[in-house]
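Enquirer: take a look and give me a structure for this.
(2 chains)
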2 protein chains.
Amino acid sequence: MKWCRFQNQNEPSFGIIENDKIIPVVGSPFTNYERSNASIPLENTKLLVPVIPQTFYAAGINYMGHVLKMAAITGREGSPPPAADIGYRANNALIAHNETILIPNDATEKVQYEGELVIVIGKTAKNLTPSNLWEYILGYTIGNDVSERTWQASDRTLWRAKNTDTFKPMGPWIETDVNPDDMTTTVKVNDTIQDQFKTNNMIFGITDYLCNMTKYLTLYPGDVVWMGTDDVPIDIKDGDVVDIEITGIGTLSNPVRRSKE
Amino acid sequence: MKWCRFQNQNEPSFGIIENDKIIPVVGSPFTNYERSNASIPLENTKLLVPVIPQTFYAAGINYMGHVLKMAAITGREGSPPPAADIGYRANNALIAHNETILIPNDATEKVQYEGELVIVIGKTAKNLTPSNLWEYILGYTIGNDVSERTWQASDRTLWRAKNTDTFKPMGPWIETDVNPDDMTTTVKVNDTIQDQFKTNNMIFGITDYLCNMTKYLTLYPGDVVWMGTDDVPIDIKDGDVVDIEITGIGTLSNPVRRSKE
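Expert: Sure thing, here's the model as predicted:
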């Protein structure tokens, strides 16, 4: 089942995607919902960010390929994180499928995509176990953790390196019937494949993160957990289009512009 | 003017506090509102967290007294942050005035309060200037940035050190008619004054932070910015009560318990 959020005349609405149509619902996938009798063509409908989380979690470094290749490039020793310590991103930066990543005019050329699997929490969750945690996941979507590498190295926090407005594309929708073990992540820039990796080849998997996190914190319906990226991204620039495809979910596509102001 | 949020029968409602009464409103201070004809005694009414932010910002280290005294205690060199790089906290950890700070049973004894001024954003804001930014602030409330110091030192992120459930008391309400230059922050543990400092004696002030942040990000109505703490807090333990008073706003009070599970 594919859940989307879209602009239904004057207000955002959740909808179910069936073939090339959106069936608007009253309610949401996180509470109760009723299918309406309407049906809207998916094509030409403006999709919104599929959910605005109450808390926006991100694993950060979570693939050995990324650790080792980044180490080779920077000349620093690369070591994996010692524990599944979750990090954060910020809602101001979220944009939807097809919306524009806008690079600030004072950013360097070192602006890069990061293709990530995103877990969408469906139910309030505390003290999850490896056996019950899957019931608390509504489904999966795709994230692009756009990063300005000079600010990432220079600033005390990741605020502008990763949370500048438009730096967090997420979508296009939430897929509920899919198995992370069967996924491959493919990143294309201008239709050329740049990176391709087994999505679930993580240092700390979904089980590690959700069980560890919920010892101390409550996850709420609509919270998202971005699971990190593998490989080493290339720089993106004005005029590029970044497509992130994950098997069974779909493709998140965003054009890139550099601000002239 | 004092804005609060409270449980109005089955649902949360915003209200205006006048003397010892709450006047419920239809709407919110962030959109339009209409005063109702009702009036509810403030005493015995359960106040809620005064606003759930879309993004929860926190300055972190922002007072020289805190930098120097912490350096003296740890034996490390203390230096102020070089720039107004904003950080983040997480909504799961928010609790209201009078709600209980629950220390996990595996936390060490090094759990400490931090009394902080909180800016509440009133209007969508980008590219703020020193002269116009005050129009975008709805008002001020009080935060207690509860921190487990061993996790703060050991973990890759601040996730459980600062964002364990209940570790972010905020309230009791939002005061709109107050000047940060006139404020003193006073922290009491069990009615004994532990810390007292001039609230606006910050390394980077409200102007520095809001102007810097909004070069790259949009602030939205209801976003909060916690401005850091001065002095060096003491450990808090099961049975304690922490009161944080800021002149002109009020007092945020929270009891402390240690979980037995």
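Enquirer: dump the residue contacts of A:Val256.
Expert: Listed by Cβ atoms under 8 Å, 6 or more residues apart in numbering or on different chains, the contact set of A:Val256 reads A:100-101, A:103, A:236-242. (C-beta placed from N, C-alpha, C; glycine too.)
Enquirer: near chain B, which residues of chain A show up?
Expert: For chain A, the residues in contact with chain B (Cβ under 8 Å from any Cβ of the partner chain) are A:52, A:54-55, A:60, A:81-83, A:85-88, A:90-93, A:104, A:126, A:155-157, A:159-160, A:163-165, A:213, A:215-220, A:223.
Enquirer: just those: which are in strands?
Expert: Residues of the residues of chain A next to chain B located in strands (DSSP state E): A:87-88.
Enquirer: give me the phi and psi for the most centrally placed residue in chain A.
Expert: Centroid check for chain A by Cα atoms, centre = their mean gives A:Gly143 as the closest residue, at 1.9 Å. Backbone torsions of A:Gly143, given as degrees, to the nearest 10, read phi -130, psi 150.
Enquirer: contact partners for it?
Expert: By Cβ under 8 Å, 6+ apart, A:Gly143 lies in contact with A:115-118, A:168-170, A:224, A:226, A:244, A:252.
Enquirer: apply 10 Å and report the result again.
Expert: Shown in contact with A:Gly143 (Cβ atoms under 10 Å, 6 or more residues apart in numbering or on different chains): A:56, A:58, A:89, A:94, A:114-118, A:168-171, A:224-229, A:244, A:246, A:252.
Enquirer: all strands for the stretch 151-261 of chain A, in order.
Expert: Taking DSSP state E, counting those that start in this stretch as the test, the strands found in the stretch 151-261 of chain A are A:168-175, A:184-189, A:192-198, A:224-226, A:241-246, A:250-258.
Enquirer: dump those strands to a markdown table, plus distance to A:Pro41.
Expert: Shown next, in a markdown table, are the strands of the stretch 151-261 of chain A (distance: least, Cβ to Cβ, whole Å):
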| stretch | distance to A:Pro41 |
| --- | --- |
| strand A:168-175 | 15 |
| strand A:184-189 | 26 |
| strand A:192-198 | 30 |
| strand A:224-226 | 27 |
| strand A:241-246 | 22 |
| strand A:250-258 | 17 |
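Enquirer: quick one: the helices in the stretch 51-200 of chain A?
Expert: In the stretch 51-200 of chain A, the helices defined using DSSP state H, counting those that start in this stretch lie at A:64-74, A:149-154, A:159-163.
Enquirer: looking at those, which one is packed in the most?
Expert: For the helices of the stretch 51-200 of chain A, the largest average neighbour count (mean count of other Cβ atoms under 10 Å in any protein chain shown) is found in helix A:159-163, namely a mean of 24.
Enquirer: and that helix, C-alpha only, in CSV?
Expert: Extracted C-alpha coordinates of helix A:159-163, given in CSV (Å, rounded to 0.1, in the frame of the first residue of the first chain):
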residue,chain,number,x,y,z
TRP,A,159,22.7,23.3,11.5
ARG,A,160,23.4,24.9,8.0
ALA,A,161,25.5,22.0,6.6
LYS,A,162,22.5,19.7,6.7
ASN,A,163,19.5,21.8,7.7
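Enquirer: what is it packed up against?
Expert: Helix A:159-163 sits against strand A:87-88, strand A:147-148, helix A:149-154, strand B:87-88, helix B:206-216, with contacts defined as 3 or more Cβ pairs under 10 Å, 6 or more residues apart in numbering or on different chains; DSSP states H and E.
Enquirer: try 7 Å
Expert: Contacts defined by 3 or more Cβ pairs under 7 Å, 6 or more residues apart in numbering or on different chains; DSSP states H and E place helix A:159-163 against strand A:147-148, helix A:149-154.
Enquirer: any chance of TSV for these, columns mean pLDDT?
Expert: Converted to TSV, these look like this (pLDDT from 0 to 100):
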stretch	mean pLDDT
strand A:147-148	97
helix A:149-154	95
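Enquirer: out of those, nearest to B:Ser39?
Expert: helix A:149-154 (50.8 Å; Cβ to Cβ).
Enquirer: centre of the chain to that closest one, how far?
Expert: In terms of Cα atoms, centre = their mean, to the nearest Å, the centre of helix A:149-154 is found 21 Å from the chain centre.
Enquirer: do stretch A:90-101 as well
Expert: With Cα atoms, centre = their mean as the basis, stretch A:90-101 stands 10 Å off its chain's centre.
Enquirer: run through who's touching it.
Expert: For stretch A:90-101, the surrounding residues in contact (Cβ atoms under 7 Å, 6 or more residues apart in numbering or on different chains) are A:47-49, A:52-53, A:56, A:146, A:163-172, A:252-257, B:54-55, B:88, B:217-218, B:220.
Enquirer: surely A:Val51 touches A:Val120?
Expert: Yes - with contact defined as Cβ atoms under 7 Å, A:Val51 reaches A:Val120; the gap is 6.0 Å.
Enquirer: overlap of the contact sets of these two?
Expert: With Cβ under 7 Å, 6+ apart as the test, A:Val51 and A:Val120 both reach A:174, A:224.
Enquirer: quick one: mean pLDDT over stretch A:4-14.
Expert: The predicted model assigns stretch A:4-14 a mean pLDDT of 94.
Enquirer: that one: end-to-end distance?
Expert: Stretch A:4-14 has an end-to-end distance of 6 Å (criterion: Cα to Cα, to the nearest Å).
Enquirer: can you give me the domain assignment for chain A?
Expert: Domain assignment of chain A by automatic domain parsing yields the ranges A:1-48, A:50-258.
Enquirer: could you find the closest non-adjacent residue to A:Gln152?
Expert: Spatial nearest neighbour of A:Gln152, excluding adjacent residues (Cβ to Cβ, 6 or more residues apart in numbering or on different chains): A:Ala161 at 3.8 Å.
Enquirer: could you work out the end-to-end span of stretch A:86-103 for me?
Expert: Start-to-end span of stretch A:86-103 (Cα to Cα) is 26 Å.
Enquirer: partner residues bridging the closest residue to A:Glu116 other than its chain neighbours?
Expert: Spatially, and ignoring its direct neighbours in sequence, A:Glu116 is nearest to A:Gly143 (4.3 Å; Cβ to Cβ, 6+ apart). Counting by DSSP bridges, A:Gly143 forms beta bridges with A:Glu116, A:Met170.
Enquirer: now A:Gly143: how far from A:Val242?
Expert: As judged by Cβ to Cβ, to the nearest Å, A:Gly143 and A:Val242 stand 12 Å apart.
Enquirer: out of the helices and strands in chain A, which is least certain?
Expert: None of the helices or strands of chain A scores lower by mean pLDDT, DSSP states H and E than helix A:64-74, at a mean of 85.
Enquirer: any idea of the angle that one forms with strand A:192-198?
Expert: In terms of direction (axes from the mean of the first three to the mean of the last three Cα atoms, to 10 degrees), helix A:64-74 departs from strand A:192-198 by 130 degrees.
Enquirer: show me what helix A:64-74 packs onto, helices and strands only.
Expert: Packed against helix A:64-74 by the contact rule (3+ Cβ pairs under 7 Å, 6+ apart) you find no helix or strand.
Enquirer: next, count neighbours for the residue of the stretch 1-150 of chain A found nearest chain B.
Expert: Nearest to chain B in the stretch 1-150 of chain A, going by Cβ to the nearest Cβ, is A:Asp85, at a distance of 4.1 Å. A count of neighbours around A:Asp85, defined by other Cβ atoms under 10 Å in any protein chain shown, yields 21.
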